[in-house]
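Student: okay, here's the prediction I keep looking at, along with the sequence it came from:
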2 protein chains.
Amino acid sequence: MSILSLPQPYLLFLGDAVDERDAKTAMGLRDWAGDRCVGEFALPGVTVTTGLPRLTPAAARARGAQALVIGVAPAGGIVQPSWIPALLEALRAGLDLVSGMHTRLDDVPVLRSAALELGRRLIDVRKPRQTFPVGTGRRRSGRRLLTVGTDCALGKKYTALGLVRAFEQRGVSATFRATGQTGVMISGSGVVIDSVVADFIAGAAEALTPDAADDHWDVVEGQGSLFHPAYSGVSLGLLHGTQPDVIVMCHEAGRKSVHGLPDFDLPGLREAIDVTLTLARRTNPGVRCGGVSLNTVTLSVEAADALLEQHSIELGMPCADPIRGGARFDELVTECLRG
Amino acid sequence: MSILSLPQPYLLFLGDAVDERDAKTAMGLRDWAGDRCVGEFALPGVTVTTGLPRLTPAAARARGAQALVIGVAPAGGIVQPSWIPALLEALRAGLDLVSGMHTRLDDVPVLRSAALELGRRLIDVRKPRQTFPVGTGRRRSGRRLLTVGTDCALGKKYTALGLVRAFEQRGVSATFRATGQTGVMISGSGVVIDSVVADFIAGAAEALTPDAADDHWDVVEGQGSLFHPAYSGVSLGLLHGTQPDVIVMCHEAGRKSVHGLPDFDLPGLREAIDVTLTLARRTNPGVRCGGVSLNTVTLSVEAADALLEQHSIELGMPCADPIRGGARFDELVTECLRG
């Protein structure tokens, strides 16, 4: 069994980024793991900032930082030669390095030899090799919520994080369970579920959400979609292994076809919910849908509200955009926690 | 992309087996790849036989054999010390070694060094490391049939092999596409789909069943079950990647719960077919069910026939036991090939 566990707190590395879109990882960590980020570190020429204190690796280490996280992803996703002196400085200051880039850190010889010499870890979160037992389907104590989706890349991670925050604000014990690399960086632990060997997908999901107190919620980041031609296997294994009590269906307003595969229409929300519940009942006969999380980033306030209202009436359940929050999101949270 | 490809023809190794049940691999290869097995090879004390000519490795090599297949699996599934001289003899005679045992051949130092020295291959089929691209869902030419099941281990491979044989007897061009280790040994190629990394299950199934002539059938060995708490992810990825025109639902008479997991009831045949078709339509809207393959090995001829008749009427489709064959199986074959 090998749930990933990352050294925290972090120092966030921004390289020499001039486009905030390249620094999505750093911004996500600031937003969702801000209490475990001591500051940021960048090269001359950077124009992007997280707003956290600008610290040298040594100063960050003195404030408790355990790792430098590469929070920037330039085109190509490779470690830039211009970063190497800064990364070596971090290793020498006593920080491990954490990366989600395509290049593996230990494929960069100068980093590998420095880490070896200094006794530091180089942690590549993108495609870790994790091994798990086969799933058993055994019912576990505690409660579980899984965010699922009509497609990839439409807000399942964000929804799970938002629900955990809302649960905690209501005094409900909850843990975000990460299943993708950014989620693992935020949480500091988890499983990159799509990198697990096929036989062990459900087993990995079971290991990620072990027995817990009866009133505790594991809120699990969904991956892929049961309706995605390439990734549905991951999604079904995760669904069966998680054995959720509640699912929340995530969708993006206006998205009609599978991300990157325009020939594949997305299912309707009702169909997506019905199929998901039918399959989910195999490992949790009591599963129900808490509502819909709709990503309305492309819409005006008025248009978003009208669409949320329309879906809510049509489906007979709460429908909210976690980013917009408000009363609709409160309703969704209440419905998830009901019973 | 890495579809496995095994050296054939085979010489079948029986060790010193005295129980035919231990020699299931050899018997399966005799039954389904007999035209690619030149003979058998065993140690003194063996009482089991495939009925094929008893040959030394050198004699088998002279008849064209390319590999010695370990066709016997004693308790524990490990390479027996008493086999080593025979395996070395095979390597020296010019044969590669093929194994599906738990022990990896290249974890046996004396075999590894001999193979290295002689330029022979040690091929472990159980858990190969195969890499594939992500699936695309692109519709491919040619026709595809996938055997699916209410559970594991109830005849999906046997059904696929029986259908290929029947298709060929009717002059229909067909290829058995193996997705498990025994299937790969029989076919000489394929993908051990449950050992593929989760992100690539559908991509592997796509690679296994490429574009083909319009009247050609790929008959794909199913794995696991959409209803299995541990293996459903493999099954859904295989279903979506195969994009079958026809599914055949496999079941075992009298089996009520998931193999090894008595707390999990199996779905009814109608439910299993409906759920499978609903999901399969994502990558092939024209998919249909050709019928049911029922494993009736535990029943008398009369009881089996009555049960097949009952299911056939209830479901409104052919229901046959491929092992019993006969008119019912002919009907199933006809229905699969219809249209």
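Tutor: Received it, and whenever you're ready, just let me know what you need.

Student: could you use CA atoms for every contact and neighbour count after this?
Tutor: OK.

Student: isn't A:Phe41 right next to A:Ala17, touching?
Tutor: No - counting by CA atoms under 8 Å, A:Phe41 stays clear of A:Ala17, with 11.3 Å between them.

Student: give me the more crowded residue out of these two.
Tutor: Between A:Phe41 and A:Ala17, A:Phe41 has the larger neighbour count (other CA atoms under 10 Å in any protein chain shown), namely 26 against 22.

Student: how close does the nearest residue to that one once chain neighbours are set aside sit to chain B?
Tutor: Take A:Phe41 and drop its neighbours on the chain: the residue closest to it by CA to CA, 6 or more residues apart in numbering or on different chains is A:Phe13, 4.9 Å away. Distance of A:Phe13 to chain B, computed by CA to the nearest CA, to the nearest Å: 29 Å.

Student: give me the residues contacting the helix or strand hosting A:Ala304.
Tutor: If you go by DSSP states H and E, A:Ala304 is part of helix A:301-315. Identification of contacts with helix A:301-315 by CA atoms under 8 Å, 6 or more residues apart in numbering or on different chains yields A:Arg270, A:Leu294, A:Thr296, A:Pro318, A:Cys319, A:Ala320, A:Asp321.

Student: select only the buried ones of those in ChimeraX?
Tutor: Here is the ChimeraX command that selects the buried residues among these (16 or more other CA atoms under 10 Å in any protein chain shown):
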select /A:294,296,318,319,320,321
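
Student: from the contacts of helix A:301-315, which ones fall inside helices?
Tutor: A:Arg270 (DSSP state H).

Student: what's the closest of the contacts of helix A:301-315 to chain B?
Tutor: A:Arg270 (14.1 Å; CA to the nearest CA).

Student: now that closest one. Nearest residue, chain neighbours left out?
Tutor: A:Leu315 (6.8 Å).

Student: list the buried residues of the helix holding A:Ala304.
Tutor: Buried, per 16+ other CA under 10 Å, within helix A:301-315: A:Ala304, A:Asp305, A:Leu307, A:Leu308, A:His311, A:Ser312.

Student: out of the residues you listed, the closest to chain B would be?
Tutor: Once CA to the nearest CA is applied, the member of those that ends up nearest chain B is A:His311, at 23.4 Å.

Student: what does chain A put close to chain B?
Tutor: Contact residues, chain A versus chain B (CA under 8 Å from any CA of the partner chain): A:134-137, A:193-203, A:227, A:229-238, A:240-241, A:261, A:264, A:279, A:282-283.

Student: show me the residues you listed that map onto strands.
Tutor: A:Leu261, A:Phe264 (DSSP state E).

Student: buried among the residues of chain A next to chain B? Need that as a selection in PyMOL.
Tutor: Those of the residues of chain A next to chain B that count as buried under 16+ other CA under 10 Å are selected in PyMOL with:
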select buried, chain A and resi 134+135+136+137+193+194+195+196+197+198+199+200+201+202+203+227+229+230+231+232+233+234+235+236+237+238+240+241+264+279+282+283
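
Student: would you map out the domains in chain A?
Tutor: Listed by automatic domain parsing, the domain ranges of chain A are A:4-124, A:143-337.

Student: would you tell me which one of the ones you listed is buried the most?
Tutor: Counting by mean count of other CA atoms under 10 Å in any protein chain shown, domain A:143-337 has the highest mean neighbour count of the domains of chain A, with a mean of 22.

Student: how far off centre is that one?
Tutor: 11 Å (CA atoms, centre = their mean, to the nearest Å).

Student: for that domain, measure first residue to last.
Tutor: 10 Å (CA to CA, to the nearest Å).

Student: next one: stretch A:270-289
Tutor: 11 Å.

Student: can you list contacts of that stretch?
Tutor: A:137, A:139, A:149-150, A:226, A:236, A:239-241, A:243-249, A:315, A:336, B:227, B:229, B:264.

Student: quick one: which of these sit in helices?
Tutor: A:Leu236, A:Leu239, A:His240, A:Gly241, A:Leu315, A:Cys336.

Student: can you redo those as CSV with pLDDT?
Tutor: Output for these, formatted as CSV (pLDDT from 0 to 100):
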residue, pLDDT
A:Leu236, 98
A:Leu239, 98
A:His240, 98
A:Gly241, 98
A:Leu315, 98
A:Cys336, 98
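
Student: need the max-distance pair from the residues you listed.
Tutor: Based on CA to CA, the longest span within these runs between A:Gly241 and A:Leu315 and measures 26.7 Å.

Student: for the helix or strand bottoming out on mean pLDDT in chain A, packing partners?
Tutor: Lowest by mean pLDDT, DSSP states H and E among the helices and strands of chain A is strand A:4-5, with a mean of 92. For strand A:4-5, the packing partners by 3 or more CA pairs under 8 Å, 6 or more residues apart in numbering or on different chains; DSSP states H and E come out as strand A:189-190.

Student: just so I have it, where are all the helices in the stretch 51-200 of chain A?
Tutor: For the stretch 51-200 of chain A, the helices defined by DSSP state H, counting those that start in this stretch cover A:57-62, A:84-92, A:109-118, A:156-169, A:181-187.

Student: need those helices in JSON lines (columns: distance to A:Val46 and mean pLDDT).
Tutor: Conversion of those to JSON lines gives the following (distance: least, CA to CA, whole Å; pLDDT from 0 to 100):
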{"stretch": "helix A:57-62", "distance to A:Val46": "17", "mean pLDDT": "98"}
{"stretch": "helix A:84-92", "distance to A:Val46": "13", "mean pLDDT": "98"}
{"stretch": "helix A:109-118", "distance to A:Val46": "23", "mean pLDDT": "97"}
{"stretch": "helix A:156-169", "distance to A:Val46": "27", "mean pLDDT": "98"}
{"stretch": "helix A:181-187", "distance to A:Val46": "22", "mean pLDDT": "94"}
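
Student: and these: which comes nearest A:His102?
Tutor: Closest among those, using CA to CA: helix A:181-187, at 11.6 Å.

Student: center of chain A, which residue is that?
Tutor: A:Gly183 (2.8 Å; CA atoms, centre = their mean).

Student: my read: A:Ala198 touches B:Ala198, true?
Tutor: Yes - proximity of A:Ala198 to B:Ala198 meets the contact threshold set by CA under 8 Å, at 4.5 Å.

Student: common neighbours of those two, please.
Tutor: Shared contacts of A:Ala198 and B:Ala198, counting by CA under 8 Å, 6+ apart, come down to A:Val234, B:Val234.

Student: how much space separates the residue of chain A most remote from its centre from A:Ala58?
Tutor: The centre of chain A is farthest from one residue, A:Glu117, which by CA atoms, centre = their mean lies 32.8 Å away. Distance of A:Glu117 to A:Ala58, given as CA to CA: 18 Å.

Student: before we move on, back to that, the residue nearest to A:Phe41 pairs with what?
Tutor: A:Phe41, A:Ile70 (DSSP bridges).

Student: quick check: it touching A:Ala73?
Tutor: No - A:Phe13 is beyond contact range of A:Ala73, at 10.4 Å (criterion: CA under 8 Å).

Student: quick one: contacts of stretch A:155-167?
Tutor: In contact with stretch A:155-167 (CA under 8 Å, 6+ apart) are residues A:32, A:146-149, A:173-176, A:183, A:219-223, A:250-252, A:293, A:295, A:322, A:333.

Student: leaving out chain neighbours, which residue sits closest to A:Gly183?
Tutor: A:Lys157 (6.9 Å).

Student: for the residue nearest to the centre of chain A, what are its contacts?
Tutor: A:Lys157, A:Arg177, A:Gly190, A:Glu221.

Student: right, I'll call it a day here.
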